[in-house]
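J.: quick one, structure for this:
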Amino acid sequence: ARCINEIVWGFGEGGMDIDLGRLFAEGVRLLDADEAVMKKVAEFYRQRLHNQLRERGYGHGTTSLAVESMGMRPLQALRMLQAFDEVSAAAWFSSLVQSAIRVANILGKLSDEDRATIALDESKLSLEAERNLKNALDRQSDAVREAIDRLDWKAVCEALSDLSPAISDFFENVMVMDEDPTARNNRLALLTRCKALFDSIGDFSLMK
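T.: Next comes the predicted model:
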């Protein structure tokens with residue numbers, strides 16, 4: 001694993017962007033091995049990748065996020081980690097991580113029946129903090145996904161830095177589980193959009 005990473009990261013100026021998941025899968029096919037072998041090999045590699053990145057001085061949380069998200073593409077795991085490491089000490093990033101964890105906790109407590117009824121009615125967004133979060137999501141949801149498609153991790157961080165104050169303000173000024181079902185439903189719908197955006201990047205609970 002160490003040799004693979006050093007070769008990938010040091011291959012020319014730009015590194016060598018290979019998908020080890022595909023290579024491992026092909027190896028399993030050629031060896032006619034059980035699918036469980038592929039999972040064990042991938043997990044072994046991720047653990048070694050995590051250790052090697054930590055040896056380079058990166059924090060446990062940001063390393064865990066990058067490996068969980070891009071572990072089978074070591075060059076992208078390193079680039080993602082570098083981008084997130086640059087902002088990890090910023091107040092907005094710490095606030096964003098806490099918001100992402102809070103979003104997951106709130107939505108995780110909902111029943112399947114509750115989730116089935118969630119839908120956003122923009123005409124019923126009565127509070128400024130609700131509208132600001134909705135507008136921030138409108139601006140940045142597609143921007144994040146397009147940046148991920150381009151593997152532009154700095155652009156991902158820039159989009160998140162715009163979203164962070166809006167979601168922090170939302171939690172400071174809005175009671176999510178309001179007694180009014182319409183207000184509650186709208187607020188949960190906004191958080192559902194937030195979670196979809198966060199999940200497209202990775203599991204932010206790893207940043208605890």
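
J.: what mean pLDDT does the lengthiest helix in the chain get?
T.: Longest helix of the chain, by residue count under DSSP state H: helix 128-150. Throughout helix 128-150, pLDDT has a mean value of 96.

J.: now do stretch 188-201
T.: Mean predicted confidence for stretch 188-201 is 97.

J.: how about it, which residues are buried there?
T.: 188-195, 197-198, 201 (16 or more other C-beta atoms under 10 Å). Where C-beta positions appear, they are placed from N, C-alpha and C, glycine not excepted.

J.: so how far is it from its chain's centroid?
T.: The chain centre lies 10 Å from the centre of stretch 188-201; the measure is C-alpha atoms, centre = their mean, to the nearest Å.

J.: how about that stretch as PDB, C-alpha atoms only?
T.: Output in PDB follows, covering the C-alpha atoms of stretch 188-201 (Å, rounded to 0.1, in the frame of the first residue of the first chain):
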ATOM      1  CA  LEU A 188     -37.100  19.400   7.800                       C
ATOM      2  CA  ALA A 189     -37.200  19.700   4.000                       C
ATOM      3  CA  LEU A 190     -34.400  22.300   4.100                       C
ATOM      4  CA  LEU A 191     -32.300  20.100   6.400                       C
ATOM      5  CA  THR A 192     -32.900  17.100   4.000                       C
ATOM      6  CA  ARG A 193     -31.400  19.200   1.200                       C
ATOM      7  CA  CYS A 194     -28.500  20.100   3.500                       C
ATOM      8  CA  LYS A 195     -27.900  16.400   4.200                       C
ATOM      9  CA  ALA A 196     -28.000  15.500   0.500                       C
ATOM     10  CA  LEU A 197     -25.300  18.100  -0.100                       C
ATOM     11  CA  PHE A 198     -23.100  16.900   2.800                       C
ATOM     12  CA  ASP A 199     -23.500  13.300   1.800                       C
ATOM     13  CA  SER A 200     -22.400  14.000  -1.700                       C
ATOM     14  CA  ILE A 201     -19.000  15.000  -0.100                       C
END
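
J.: who's in contact with that stretch?
T.: Contacts to stretch 188-201, defined as C-beta atoms under 8 Å, 6 or more residues apart in numbering, come from residues 65, 69, 99-100, 103-104, 106-107, 110, 114, 118-120, 130, 133-134, 137, 140-141, 144-145, 148, 156, 160, 163, 167, 170, 176, 204.

J.: helix or strand right after the longest helix of the chain?
T.: helix 153-173 (DSSP states H and E).

J.: list phi and psi for the closest residue to Leu206 other than its chain neighbours.
T.: Once flanking residues are discounted, Leu206 sits nearest to Ser64: 4.0 Å by C-beta to C-beta, 6 or more residues apart in numbering. Dihedral pair for Ser64: phi -60, psi -40, per degrees, to the nearest 10.
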